[in-house]
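Visitor: Predicted model and sequence follow; I will ask about them next.
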Amino acid sequence: MAGLYDPSFEHDACGLGFVARLGGKPRHDVVEQGLEILRRLAHRGAAGSDPETGDGAGILIQIPHAFFDRTLTREGVDLPLEGDYGVAQCFLSRDPERRAVQRYIVEEAARALNQKVIAWRDVPVDDRVLGPIGRESRPHVSQLFIGRFVPIDAFERSLFTIRKRAGKKVRDAFPKHSDFYVASCSSKTIVYKGLALPERLDGFYPDLREDELKSKIAVVHSRFSTNTFPTWERAHPFRRIAHNGEINTLRGNKSWMAAREAMLASDRFGEYLPDFLPIIRPDGSDSASLDNVVDFLVAGGRSLPHVMMMLVPEAWASRSEMARE
């Protein structure tokens, strides 16, 4: 220790923020405000040998129906009403042949769940704003629009199952490649993320600058990688959470989760349950592992607040104590 500096007090962590509009209609300025928070969180992110790439940044917003409707109409595609379709935001291989197989597998997963494959859309990107590492590892980003053919209260569960089934089938087809990832698959929210510096995310994704891209919420994250190497899929937000910090009980929690998989049973998922295993992907970060569990429990029918209470023992104990009183 020198002077007043003590390295034991040194802490580095990701930055996150959110904007929520409680009433009225979705607006583009909510997205703009989220991106402004992200720009101001640049100091909470990190960069290594390539200072132009960074550890990752992203934004989660509501499905921008007006924007997608206008965009696909220009391409001759008619979208269903808002809420009657979902969007799978996919990171695909840049190899055309492998990408074609990946797309086919996602489509087949949707059809296996009796949902309608509407259309693919290649997401416009500008990789000139990326650093060399981010540019070299950049996936091909595409959106699959999936029409609803189940009751509305079961649609999110079907989209979850489609994503898990597609992921397993792609891993089985290409065990030596890891160039497939579904950033989000929902009728409610969509995630734009990647290995871009926080202040350059909307430069990489021009969609985010479109006036018709509107939302009532925006969750943003600037990553400081602590225990895993930065990759496109490890950028936040994930499908359910954005996390700030490091989970120091990770190994024990992952082991307990794996031990319980043999007892896994659910009438909601039936024959598709094996597609979900392992619940926690072995190559994910601590935050990704937490998101895997939260995502699965919410898809199984629990509310998000209930799940978070379950996963924080102190909160659950306080709830039980209050109930006794």
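Guide: Looks like it arrived, so ask away.
Visitor: And the strands in the stretch 1-150 of the chain?
Guide: Taking DSSP state E, counting those that start in this stretch to define them, one finds strands in the stretch 1-150 of the chain at 15-20, 57-62, 85-92, 116-122, 140-147.
Visitor: List the buried residues for the first one?
Guide: Residues of strand 15-20 classed as buried by neighbour count (16 or more other CB atoms under 10 Å): 15-19. Using the backbone N, CA and C atoms, a C-beta is placed for each residue, glycine as well.
Visitor: Can you find the helix or strand in the chain with the smallest mean pLDDT?
Guide: When each helix and strand of the chain is scored by mean pLDDT, DSSP states H and E, helix 313-324 comes last, with a mean of 57.
Visitor: Let me know the closest of the buried residues of strand 15-20 to R302.
Guide: F18 (21.8 Å; CB to CB).
Visitor: and that closest one, what does it touch?
Guide: By CB atoms under 8 Å, 6 or more residues apart in numbering, the contact list for F18 reads 34, 37, 217-220.
Visitor: If we use 7 Å, what do you get?
Guide: 217-219 (CB atoms under 7 Å, 6 or more residues apart in numbering).
Visitor: Who wins on neighbours among these?
Guide: A218 (26 neighbours; other CB atoms under 10 Å).
Visitor: What values do phi and psi take at that residue?
Guide: Taking degrees, to the nearest 10, you get phi -150, psi 120 for the backbone angles of A218.
Visitor: give me the number of residues near the residue nearest to D127 when sequence neighbours are not counted?
Guide: Spatial nearest neighbour of D127, excluding adjacent residues (CB to CB, 6 or more residues apart in numbering): R135 at 4.9 Å. Residues within reach of R135, counting by other CB under 10 Å, total 15.
Visitor: pLDDT score for R135?
Guide: On the pLDDT scale, R135 is placed at 92.
Visitor: before we move on, the earlier item: tell me the one of the buried residues of strand 15-20 nearest K176?
Guide: Using CB to CB, L16 is the member of the buried residues of strand 15-20 that sits closest to K176, with 34.1 Å.
Visitor: I'd say the closest one and P237 touch.
Guide: No - the pair formed by L16 and P237 falls short of the contact definition of CB atoms under 7 Å, at 8.0 Å.
Visitor: got any residues that touch both of those two?
Guide: In contact with both L16 and P237: H221, using CB under 7 Å, 6+ apart.
Visitor: From A66, how far off is T73?
Guide: Separation of T73 from A66 (CB to CB, to the nearest Å): 11 Å.
Visitor: Mind checking which of the two has more residues around it?
Guide: Counted by other CB under 10 Å, T73 and A66 do not tie: A66 has more neighbours, with 16 against 11.
Visitor: Please name the residues that touch the more buried one.
Guide: 212, 214 are the contacts of A66 under CB under 7 Å, 6+ apart.
Visitor: What helices and strands are in contact with the longest helix belonging to the chain?
Guide: Secondary structure of the chain per DSSP state H: the longest helix is helix 152-173. Using 3 or more CB pairs under 7 Å, 6 or more residues apart in numbering; DSSP states H and E, the elements in contact with helix 152-173 are strand 85-92, helix 96-112, strand 181-186.
Visitor: Please name every helix or strand in contact with the last one.
Guide: Helices and strands touching strand 181-186, by 3+ CB pairs under 7 Å, 6+ apart, are strand 85-92, helix 152-173, strand 189-194.
Visitor: Comparing those, which comes out most buried?
Guide: Mean neighbour count (mean count of other CB atoms under 10 Å) peaks for strand 189-194 among these, with a mean of 25.
Visitor: got the angle between that strand and strand 140-147?
Guide: Taking axes from the mean of the first three to the mean of the last three CA atoms, to 10 degrees, one finds strand 189-194 and strand 140-147 inclined to each other by 170 degrees.
Visitor: Name every strand pairing with strand 189-194 and say which way it goes.
Guide: strand 57-62 (antiparallel) (DSSP bridges).
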